[in-house]
Every structure is written in structure tokens, then in C-alpha cells.
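K.L.:
only geometry, no sequence info:
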């Protein structure tokens, strides 16, 4: 158990980060590798909000946050991820999708509890 290590920032060429089902807890680090394209944190025990800095991941295409204890709303900054195609937070307890679907121009798959568009 534990959270995301801050040293992830140093992995500048990392494009795929699939750490689903690893019993990770705590929050989502605001210091993620800038070249991430695929980020899967589903089925962990993340209990935080999504940091606004996720909007800095301009190459991010797929983001899975299913089955975590997220809270708050998706930050407006997610709409800045101009490459984002898929965002899913199914079974994320206490989470609000906010206006992310409306604000994103590229998002084609948007799955949240009881509001799959």
C-alpha cells in the first residue's frame, strides 16, 4: 500500500503508466511525467481529488480512475488536455463529473456513475 511516488516526474520518457489493482492509496500526485499518454489508476484506493495540474499532460489520451474514493469535481483544467479521448471514473464514490464533458473538445468516451455519455 502507499501512494504514487514523487519520483515519477523524473521518468520523462514514460508514456504508459498502468498501476491499476495495486492497492495504492492517498492522492494523485501533481507531478506526473509530461509525456504520459495512458494513465490507469483504476481499482486502487485513491482518496483525493484530481489535481488541476493534470491539465498539463498535453499528450494524455486515456485516463482511467474507476473504483476509487475520489471526491470533488473534475478540474476545468482537464479540458486543456487536447489529446484526451477517454476519461472513466465508474464506481468512483463521492465524485462529481462537473462540466468536463461539455468543456472538452476531443473527449469521445466519458464514463461516470450513472451518466455514461
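P.N.:
Good, I have the coordinates. Predicted, not measured: the structure shown is a model, and the values here were computed from it.
K.L.:
name all residues that make contact with the closest residue to residue 3 other than its chain neighbours.
P.N.:
Spatial nearest neighbour of residue 3, excluding adjacent residues (CB to CB, 6 or more residues apart in numbering): residue 26 at 3.1 Å. For every residue, glycine as well, the C-beta is placed using N, CA and C. Counting by CB atoms under 8 Å, 6 or more residues apart in numbering, residue 26 touches 2, 3, 4, 46, 47, 48.
K.L.:
centroid-nearest residue for the protein?
P.N.:
residue 63 (4.8 Å; CA atoms, centre = their mean).
K.L.:
got the contact list for that residue?
P.N.:
39, 54, 84, 86, 87, 88.
K.L.:
dihedrals phi and psi, the fourth one?
P.N.:
With angles defined as degrees, to the nearest 10, residue 86 shows backbone torsions of phi -140, psi 130.
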